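Q: have a look; sequence and predicted model below, questions after that.
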Amino acid sequence: MSVLPDPGASRAVLIGTSRYDHLEQLPAVSNNLTALAALLSGPLSLRMPAPHVTVVENPSDPATVMDPLRQAAVDATDTLIVYYAGHGLIDPHDALALALPHTQPGRVETSLSYDWLRQILLGSRAQRHIVLLDCCYSGRALGRMSASQGLADQAAVEGTFLLAASAETRTALAPVGAAHTAFTGAFLDTLRHGIPGGPPLLDLETIYRHLRLTLEARAHPVPQARNRNTGARVALGRNHADLPTTPVTAEAGVEPEHRLWPDPTSIRTTTGFLTNLAAVREASGLTQQEVSRRSAGRISPGTISRLTNRDTLPATWNTTAVYLAACSVPDDQIQQWHGTWQKLRHNATETQETCVATPQVGTAEHGKTRRRFSDLWRGRSHRPGSAGAEAPEGRG
């Protein structure tokens, strides 16, 4: 079953090199980063909080990439997304290297070894990893390519779905005059517009198959993919070409049962709760006014808007319950939503109590320490022959 990551427990690191000292320029990469960051944070994809999406553009050295990636690997407990666009190189040992602005052909130490990124992914706390590589081998740069082993094979990580563009020329990677590179442009279009006749959720396997057909039809190199465990079932958004055009029926158990409602049992954070709460109305096909009417006026369109656009967990359950019922969410799923809400409220209360209690003790101890030092200093500074009295003479 396809699943949308919890945006509050997920992180994305988007890396791109558009300017090079010794390789061909790739100006479209800058557009790739801007568009993908906006998409992941917006309503057409995962609605990730902006601080959870880190963009590293034209990194000066490997550490500029590794530091934010290492932090994201610590912070992400649901899904970690890593994207790279630029020149992909194969070093003399047939290992994948990612070109940076100062990368020089034949000098491996000036590029970023994919193995370094791979080690961070292997040690990440995230349950799932998504690696998107929009790069070519650039055999002309290093004078060596691997014919027996594909890019996706080299970059594979357990628990990861890897989607890689297999481009070998500048034209294939970045068509002249295009805003985006070929692979990323098709990827963005898929998430923005959806796949007609496709499933309700755009999981990575579905996206991969669609990209193969799309890019092959455009005479571009087709992408490669590798899946480890259940990575292929991770979705990056809803299929906007397949969103319901008619609202759910009022009769329980008829059409609502066939809708793909957001799964409350996969929610881990308040951000995920609120994001999926908003997605419920999208799945229902109802407007805010229609939801209000179905609630018999118990919640107004304004209340619905505030409920699905807030930053904090609702303090009480009633409004959320009415909203879910008005959207025709099945009763058993409403109970699951309630259980998730209770769990998040409990966790928030525990966290708040810990944060409040700890500073009080620390502040009190800190205050006592400061008073002791203050009293001691005053006593020393007025005592004849003390260090405090002699200090002015020593500085003279």
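A: Right, received. Where do you want to start? Numbering: from 1, shown residues only.

Q: per the record, what domains does the chain have?
A: The chain resolves into domains spanning 7-238, 244-381 when parsed by automatic domain parsing.

Q: compute the first-to-last residue distance for the longest one.
A: Pointing back at domain 7-238 there. Counting by Cα to Cα, to the nearest Å, you get 14 Å between the two ends of domain 7-238.

Q: quick one: distance of that domain to the chain centre.
A: Shown here is domain 7-238, whose average C-alpha point lies 13 Å from the average C-alpha point of the whole chain (Cα atoms, centre = their mean, to the nearest Å).

Q: mean confidence for it?
A: Domain 7-238 carries an average pLDDT of 86.

Q: for the last one, same thing?
A: What domain 244-381 shows for mean pLDDT is 78.

Q: returning to what we had before: do you know which of the domains of the chain lies nearest residue 1?
A: Smallest distance to residue 1 across the domains of the chain (Cβ to Cβ): 6.6 Å, for domain 7-238. Placement of C-beta: from N, CA and C, glycine included.

Q: of the domains of the chain, which stretch is the most buried?
A: When neighbours are counted by mean count of other Cβ atoms under 10 Å, the highest per-stretch mean among the domains of the chain falls to domain 7-238, a mean of 19.

Q: let's verify the closest residue to residue 132 other than its chain neighbours: helix, strand, or coil?
A: Closest residue in space to residue 132, ignoring its immediate chain neighbours: residue 83 at 4.3 Å, by Cβ to Cβ, 6 or more residues apart in numbering. With DSSP: H, G, I helix; E, B strand; the rest coil as the basis, the three-state label of residue 83 is strand.

Q: next one: the one 5 residues further on
A: With three-state DSSP as the basis, residue 88 sits in strand.

Q: next: residue 43.
A: coil.

Q: spatially nearest residue to it (excluding sequence neighbours)?
A: With Cβ to Cβ, 6+ apart as the criterion, residue 43 has its nearest non-adjacent residue at 7.9 Å, and that residue is residue 278.

Q: repeat that for residue 230.
A: Among residues not flanking residue 230 along the chain, residue 128 sits closest, at 7.7 Å (Cβ to Cβ, 6+ apart).

Q: just confirm residue 129 contacts residue 73, I think it does.
A: No: in this structure residue 129 lies outside contact range of residue 73 using Cβ atoms under 8 Å: 9.1 Å.

Q: overlap of the contact sets of the two?
A: Among the neighbours of residue 129, those also in contact with residue 73 (Cβ atoms under 8 Å, 6 or more residues apart in numbering) are 80, 121.

Q: wait, the residue nearest to residue 132 touches residue 35, no?
A: No: applying Cβ under 8 Å as the test, residue 83 and residue 35 come out as separate, 11.3 Å apart.

Q: strands along the stretch 151-300 of the chain, start to end?
A: Counting by DSSP state E, counting those that start in this stretch, residue ranges of the strands within the stretch 151-300 of the chain are 160-167, 201-203, 224-227, 235-238.

Q: closest to residue 28 out of these?
A: Of all the strands of the stretch 151-300 of the chain, the one in closest proximity to residue 28, counting by Cβ to Cβ, is strand 160-167 (12.1 Å).

Q: who's in contact with that closest one?
A: Looking at what lies outside strand 160-167 - Cβ under 8 Å, 6+ apart - the contacts are 121, 128-136, 150-152, 155-156, 173, 181-184, 187, 204-205, 207-208, 211, 220-228, 231-232, 234.

Q: go on, stretch 286-296?
A: With contacts defined as Cβ under 8 Å, 6+ apart, stretch 286-296 is touched by 247-248, 250, 281, 284, 299-301, 303-305, 322-323, 325-328.

Q: now the domains of the chain in TSV, please, with extra columns for distance to residue 1.
A: Formatted as TSV, the domains of the chain follow (distance: least, Cβ to Cβ, whole Å):
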stretch	distance to residue 1
domain 7-238	7
domain 244-381	8
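
Q: show me where the stretch 1-150 of the chain has its helices.
A: Under the criterion DSSP state H, counting those that start in this stretch, helices of the stretch 1-150 of the chain are mapped to 28-41, 62-75, 114-122, 139-142.

Q: out of these, flag the one nearest residue 48.
A: Evaluated over the helices of the stretch 1-150 of the chain, closeness to residue 48 peaks at helix 28-41, with 5.1 Å, by Cβ to Cβ.

Q: packing partners of the closest one?
A: strand 11-16, strand 53-57, strand 79-90, helix 182-193 (3 or more Cβ pairs under 8 Å, 6 or more residues apart in numbering; DSSP states H and E).

Q: turn the ones you listed into CSV, columns for distance to residue 266.
A: Shown next, in CSV, are these (distance: least, Cβ to Cβ, whole Å):
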stretch, distance to residue 266
strand 11-16, 17
strand 53-57, 20
strand 79-90, 11
helix 182-193, 20
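
Q: which one of these lies closest to residue 43?
A: Distances from residue 43 to each of the helices and strands packed on helix 28-41 were compared using Cβ to Cβ; the minimum, 10.7 Å, belongs to helix 182-193.

Q: for the closest one, packing partners?
A: Judged by 3+ Cβ pairs under 8 Å, 6+ apart, the packing partners of helix 182-193 are helix 28-41, strand 128-136, strand 160-167, helix 170-173, helix 204-217.
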